[in-house]
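*Asks:* 3D, please:
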Amino acid sequence: MNARPRTARRIAVTGIALAVLAVGVGAPAALAAPGGSEGSAAAAVHARQGAVHDPAALPALLASLPDGLSTGALVRLSGAGLRTPWTGTGGPVAADAEVPIGSVTKLFTNALVLRLVAEHRMEIDAPVRRHLPDLIPEAYAGVTVRQLMDHTADLPKAAGDSTDPRALVVETFARDAAAHPGRTPAPGTVQQYNGTNTFVAGLLVERISGRTYEEELQRRILHPLGLRQTRMSTDPRTARFWAEGGLVSTAADLDRFMAALLGGRLLPPAQQRHLYEVPDVPNAPENRCLSPRACFSAAGLMRHETAGATVWGKTGSGPGWSTGVFATEHAGRRLVFASNPRPGTSGTQQVGRVVEFVNAGFAG
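*Replies:* Residues are numbered from 1 along each chain as shown. Here you go, the predicted model:
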């Protein structure tokens, strides 16, 4: 395997930062996704309403760069209303740049989990400890696979210095038990964005498949979809986040991935519906969704309302980059963006820039 996560402090800070970027501050309020077919139908209506694109919005945003927040950015827009994908850049950024995608990696990991669920290798609502009894303490015996992906597992935040994800998770549980003796976890009651969930999901993929995470990623997603520029980073600053945030990719590859994931090419219908299932629970104080309720689905996608459309996506950050992928349901319209925040730019300012890209991409 590649380099592993190194420090708990960096993991915790990155997890919080990515959670903030994932949802935005001061943006239009989002609503938790309704359950069942009614929610799917409502999202489809929103997608049709947002299908007409304002061709001036994104070029105008890119033309304003560099500015006080970003030195440059690249954008790829595709799908409904466009005969061919549109790519634009602002500042000294190449349209085909390979960038660290940070927590967008979580979507790849959760897709691997759902592929194994589709093959009946495990059940989405079965306890994780059934497959990882040597990793998950008895106190967390009720945590399910679904709860890992929708961030309602109530696992402790990552803590430790190990460069190996399994050792890191073991140390995380040990430190939490020492700091909070007798704590009773309450899985399924609140949503708290937490990178520990995805480290465990990556280890679950390895245990169930009998292969390394990288091998499963290559054989199930990267090779079948022809994602030749998506790989585990060789930069230790990024690679240490592994299945939680260790990938490097391009706008074209991310677009192809989102088209396959939301377009039904990676998952059968029974698992495809999990992409849009958001738990009906409140947010933890740090979980800054755009509504008082949860926003992350059972596949780790975040639901967001913008420009008359319901979109689903994820953001992430890596050294020098802030990246995001968003799409309407069934991948009717897709947006990929990556920007270079100026040093010293605050998290709130970066969130504002993310919201600008999303609003411009789905304007109509």
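*Asks:* tell me which element L107 is part of?
*Replies:* Here L107, judged by DSSP states H and E, is contained in helix 105-118.
*Asks:* Report the backbone C-alpha coordinates of the helix or strand that that helix is followed by in CSV.
*Replies:* As assigned by DSSP H and E, the chain's next helix or strand after helix 105-118 is helix 145-149. Output in CSV follows, covering the C-alpha atoms of helix 145-149 (Å, rounded to 0.1, in the frame of the first residue of the first chain):
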residue,chain,number,x,y,z
VAL,A,145,-22.2,-0.1,7.1
ARG,A,146,-24.7,2.5,6.1
GLN,A,147,-23.9,4.6,9.1
LEU,A,148,-20.2,4.7,8.1
MET,A,149,-21.1,6.2,4.7
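*Asks:* Show the average pLDDT along helix 145-149.
*Replies:* Here helix 145-149 scores 98 as its mean pLDDT.
*Asks:* Which strands and helices lie in contact with that helix?
*Replies:* Packing contacts for helix 145-149, counted by 3 or more CB pairs under 8 Å, 6 or more residues apart in numbering; DSSP states H and E, involve helix 105-118, helix 195-209. For the C-beta atoms, the positions are set from N, CA and C on the backbone; glycine is no exception.
*Asks:* so how far is that helix from its chain's centroid?
*Replies:* When distances are taken as CA atoms, centre = their mean, to the nearest Å, helix 145-149 is centred 13 Å away from the chain's centroid.
*Asks:* Show me where the chain has its helices.
*Replies:* Along the chain, the stretches classed as helices by DSSP state H are 8-23, 36-49, 57-63, 105-118, 145-149, 165-179, 195-209, 213-217, 223-225, 236-239, 242-245, 251-262, 269-272, 347-361.
*Asks:* Check those helices for me and report the most buried one.
*Replies:* helix 242-245 (a mean of 30; mean count of other CB atoms under 10 Å).
*Asks:* and that helix, how far out from the chain's middle?
*Replies:* When distances are taken as CA atoms, centre = their mean, helix 242-245 is centred 10 Å away from the chain's centroid.
*Asks:* How about stretch 320-336?
*Replies:* For stretch 320-336, the distance to the chain centre is 11 Å (CA atoms, centre = their mean).
*Asks:* Buried residues, it. List them.
*Replies:* Neighbour-count burial for stretch 320-336, counted by 16 or more other CB atoms under 10 Å, picks out 321-336.
*Asks:* Which two among those are spaced furthest apart?
*Replies:* Pairwise distances across the buried residues of stretch 320-336 (CB to CB) peak at 28.1 Å, for the pair W321 and H330.
*Asks:* Can you say which of the helices of the chain is nearest to A95?
*Replies:* Using CB to CB, these put helix 251-262 closest to A95, at 7.1 Å.
*Asks:* Return the backbone torsion pair for the residue nearest to V190 when sequence neighbours are not counted.
*Replies:* What sits nearest to V190 in space, not counting adjacent residues and going by CB to CB, 6 or more residues apart in numbering, is A284, at 5.1 Å. Backbone torsions of A284, given as degrees, to the nearest 10, read phi -70, psi 160.
*Asks:* residue ranges with poor pLDDT in the stretch 201-350 of the chain?
*Replies:* 288, 290-291 (pLDDT under 70).
*Asks:* can you check the stretch 1-150 of the chain too?
*Replies:* Within the stretch 1-150 of the chain, the ranges that satisfy pLDDT under 70 run 1-55.
*Asks:* how near is R166 to R293?
*Replies:* 33 Å (CB to CB, to the nearest Å).
*Asks:* Could you do F241 as well?
*Replies:* 28 Å.
*Asks:* for K314, same thing?
*Replies:* For K314, the distance to R293 - CB to CB - is 18 Å.
*Asks:* which of these two has more neighbours?
*Replies:* Taking neighbours as other CB atoms under 10 Å, K314 and R293 compare with K314 leading, 26 against 17.
*Asks:* from memory the more buried one sits against S103, does it?
*Replies:* Yes: in this structure K314 lies within contact range of S103 using CB atoms under 8 Å: 6.4 Å.
*Asks:* quick one: E216 and I208 touch, right?
*Replies:* No: with contacts counted by CB under 8 Å, E216 stays clear of I208, the gap being 9.2 Å.
*Asks:* Understood, closing this out.
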